[in-house]
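Enquirer: Curious how this folds, go ahead:
(2 chains)
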Amino acid sequence: GQQVMQIPQYQHVQEGEDFTTYCNSSTTLSNIQWYKQRPGGHPVFLIQLVKSGEVKKQKRLTFQFGEAKKNSSLHITATQTTDVGTYFCAGPAGGTSYGKLTFGQGTILTVHP
Amino acid sequence: NAGVMQNPRHLVRRRGQEARLRCSPVKGHSHVYWYRQLPEEGLKFMVYLQKENIIDESGMPKERFSAEFPKEGPSILRIQQVVRGDSAAYFCASSPSRDRRRQETQYFGPGTRLLVL
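Expert: Numbering: from 1, shown residues only, chains lettered A, B, ... in the order given. Prediction:
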């Protein structure tokens, strides 16, 4: 079945450093979504990318969708302590229902002040 | 503007008991998804429901687990005869999904943390 892999699993940075997490799918995706989950919290939707090669920015966050629509990345510039959490990518699992998502295992980001 | 609500937020059960997890979707959303999350892991899809219908239950264990989304009231995820391995966070998400061919954003509830002793 479809697999979505994320690397790295953990990332520790000093406040002010940049951070990048990478997402790779075993199959071509119609779209990819990114979520953030704070410790003890629930996943919160960040963004959806649909087009091949698409790049979207949200303040210090830059999201990219690969040309082949099988990989994606999230880059955070100048991390802050409020960026702490787990970042998940997710793609539609396909099949007969378009609703369900396959999540990567997430990248846990810690930011040291 | 209430989001997805789940209760209870924390649930402790002894092995062999039943667990009932409730999810009220965002008002106006008719599609509900249940996911399970083990510590430091991603979310694993369990079941996708529309009002009174199970659309996809490919992620549900074949035994002891069931889900429903009645015409009135919240969606229920039911786990019978719980075992220690059922301990996890269970998240519900909802989407408007008027067109099942579109990938709608899913809005997640706060989750129910189930602990089986």
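Enquirer: Specify the beta-bridge partners of residue B:76.
Expert: With DSSP bridges as the criterion, residue B:76 is bridged to residue B:22, residue B:68.
Enquirer: quick one, what contacts it?
Expert: Going by CB atoms under 8 Å, 6 or more residues apart in numbering or on different chains, residue B:76 touches B:20, B:21, B:22, B:23, B:67, B:68, B:69. Heads up, the C-betas are built off the backbone N, CA and C, glycines and all.
Enquirer: Closest one to chain A out of these, please.
Expert: Nearest to chain A among the contacts of residue B:76, counting by CB to the nearest CB, is residue B:23 at 11.9 Å.
Enquirer: Excluding sequence neighbours, find me the nearest residue to residue A:102.
Expert: residue A:93 (4.6 Å; CB to CB, 6 or more residues apart in numbering or on different chains).
Enquirer: Surely that neighbour touches residue B:45?
Expert: Yes - with contact defined as CB atoms under 8 Å, residue A:93 reaches residue B:45; the gap is 6.5 Å.
Enquirer: which residues are common contacts for these two?
Expert: With CB under 8 Å, 6+ apart, residue A:93 and residue B:45 have common neighbours A:100, A:101, A:102.
Enquirer: Inside strands: which ones of these?
Expert: With strands taken from DSSP state E, the overlap with those comprises A:101, A:102.
Enquirer: ok, back up a step: I'd like the contacts of residue B:76 as JSON lines, with neighbour count and pLDDT appended.
Expert: Shown next, in JSON lines, are the contacts of residue B:76 (neighbours: other CB atoms under 10 Å in any protein chain shown; pLDDT from 0 to 100):
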{"residue": "B:20", "neighbour count": "14", "pLDDT": "98"}
{"residue": "B:21", "neighbour count": "22", "pLDDT": "98"}
{"residue": "B:22", "neighbour count": "16", "pLDDT": "98"}
{"residue": "B:23", "neighbour count": "26", "pLDDT": "97"}
{"residue": "B:67", "neighbour count": "22", "pLDDT": "97"}
{"residue": "B:68", "neighbour count": "16", "pLDDT": "96"}
{"residue": "B:69", "neighbour count": "25", "pLDDT": "95"}
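Enquirer: quick check, nearest of those residues to residue A:59?
Expert: If you rank the contacts of residue B:76 by distance to residue A:59 using CB to CB, residue B:23 comes first, at 31.4 Å.
Enquirer: Would you agree the closest one is in contact with residue B:34?
Expert: Yes - look at residue B:23 against residue B:34 with CB under 8 Å: they come within range, at 7.3 Å.
Enquirer: Give me the nearest residue to the residue nearest to the spatial centre of chain B, chain neighbours excluded.
Expert: In chain B, the C-alpha nearest the mean C-alpha coordinate belongs to residue B:34, at 3.2 Å (CA atoms, centre = their mean). Of all residues not flanking residue B:34 in the chain, residue B:46 sits nearest, at 4.4 Å (CB to CB, 6+ apart).
Enquirer: Which elements pack onto the strand or helix carrying the one you found?
Expert: Taking DSSP states H and E as the criterion, residue B:46 maps to strand B:43-50. Contact here means 3 or more CB pairs under 8 Å, 6 or more residues apart in numbering or on different chains; DSSP states H and E; on that basis strand B:43-50 packs against strand A:101-103, strand B:31-37, strand B:53-56, strand B:65-68, strand B:75-79.
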